[in-house]
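*Asks:* Next input, structure requested:
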Amino acid sequence: PSSAATPRSLIRRANYDLAGLPPTPDEVKAFLAECQDETGIVDQVGDRAYEKLVDRLLASPRYGEHWGRHWLDVVRFGESTGFERNVIINNAWPFRDYVIRSLNEDKPFDQFTREHLAGDVFGHGNSEIEVGVTFLVCGPHDNVGNLDPVQIKQIRANTIDEIIRAASETFLGLTVGCARCHDHKFDPISQQDYYSLYSTFAGTFHGSRVVAPDAQKQEVAAKREPIDA
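*Replies:* Alright, predicted model coming up:
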């Protein structure tokens with residue numbers, strides 16, 4: 001087995017893993033001193049010092065920013081429509097902030113999941129909860145438009161399919177999308193399951209609104225004004 005990490009190596013690993021940033025020289029120096037005071041040995045990690053380090057990193061705002069980025073990758077979050085025209089979405093930022101805030105507040109995962117799937121239903125009028133359903137519409141979206149009635153229906157079916165795939169892969173770890181055309185060949189997922197999910201998400205439509213408290217909207221608008229100018 002590998003030899004035990006030194007305090008200097010361990011603080012770097014912990015910082016990159018939990019906060020996504022290297023420790024400052026002062027933080028390294030303080031951790032080395034705490035380990036030596038605890039163990040009485042140079043270059044040996046102290047259990048209490050390490051536990052204190054981890055607690056500090058978990059309490060840091062950087063924790064939510066770092067791991068929020070990983071979650072946003074999982075839920076295919078983008079600030080543009082991602083399709084042919086790839087139009088910039090200027091009001092998706094409240095969802096990004098919501099994910100970071102949820103992780104930093106150690107929100108229970110079952111609550112986090114419910115807010116992603118139906119926050120606008122049980123949290124109607126509460127922007128802190130409603131914003132979670134941005135998840136359903138933050139993936140690629142065909143907004144080019146088509147006058148062919150058959151193609152209009154096909155585009156709509158593709159839109160719902162994208163939501164079904166994102167939801168099932170994110171929260172079930174399964175590629176339910178296969179059952180769009182046939183019962184799944186390997187997993188116990190039927191076409192009936194797929195179209196049950198289709199009916200669940202059929203009321204979801206892409207739109208544009210800022211789901212955030214008024215004070216936060218004003219704060220962002222004030223920051224954007226000089227940039228736009």
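*Asks:* So the residue lying closest to Arg48 once chain neighbours are set aside versus Glu27, what's the distance?
*Replies:* Beyond its immediate neighbours in the sequence, the residue positioned closest to Arg48 (Cβ to Cβ, 6 or more residues apart in numbering) is Glu38, lying 5.7 Å away. (Glycine included, C-beta is placed from N, CA and C.) In this view, Glu38 and Glu27 are 17 Å apart by Cβ to Cβ, to the nearest Å.
*Asks:* What does the nearest residue to Arg69 once chain neighbours are set aside show for phi and psi?
*Replies:* Closest residue to Arg69 apart from its sequence neighbours, by Cβ to Cβ, 6+ apart: Gly20 at 7.5 Å. Phi and psi for Gly20, reported as degrees, to the nearest 10, are phi 70, psi 10.
*Asks:* Near Gly20, how many other residues are there?
*Replies:* 14 (other Cβ atoms under 10 Å).
*Asks:* what about the residue of the chain most remote from its centre, distance to Arg180?
*Replies:* Going by Cα atoms, centre = their mean, the residue of the chain most distant from its centre is Gly40, 42.6 Å out. Counting by Cβ to Cβ, the gap between Gly40 and Arg180 amounts to 64 Å.
*Asks:* same deal with Phe77?
*Replies:* In this view, Phe77 and Arg180 are 23 Å apart by Cβ to Cβ.
*Asks:* same deal with Gly125?
*Replies:* 35 Å.
*Asks:* now what about stretch 95-107, what contacts it?
*Replies:* With Cβ atoms under 8 Å, 6 or more residues apart in numbering as the test, stretch 95-107 has contacts from 61, 63-65, 67-68, 71-72, 77, 112, 128, 131-132, 134-135, 138, 211-212, 216.
*Asks:* Buried only: go through those for me.
*Replies:* Burial of the contacts of stretch 95-107 was assessed by neighbour count (16 or more other Cβ atoms under 10 Å); the buried members are 63-65, 67-68, 71-72, 77, 112, 128, 131-132, 134-135, 138, 211-212.
*Asks:* taking the residues you listed one by one, which sit in helices?
*Replies:* Counting by DSSP state H, the part of the buried ones among the contacts of stretch 95-107 found in helices is Tyr63, Gly64, Glu65, Trp67, Gly68, Trp71, Leu72, Phe112, Glu128, Thr134, Phe135.
*Asks:* from the residues you listed, which is closest to Gly46?
*Replies:* Gly46 lies nearest to Tyr63 out of these, by Cβ to Cβ, at 22.1 Å.
*Asks:* Quick check, the closest one in contact with Asn15.
*Replies:* No - look at Tyr63 against Asn15 with Cβ atoms under 8 Å: they stay out of range, at 10.5 Å.
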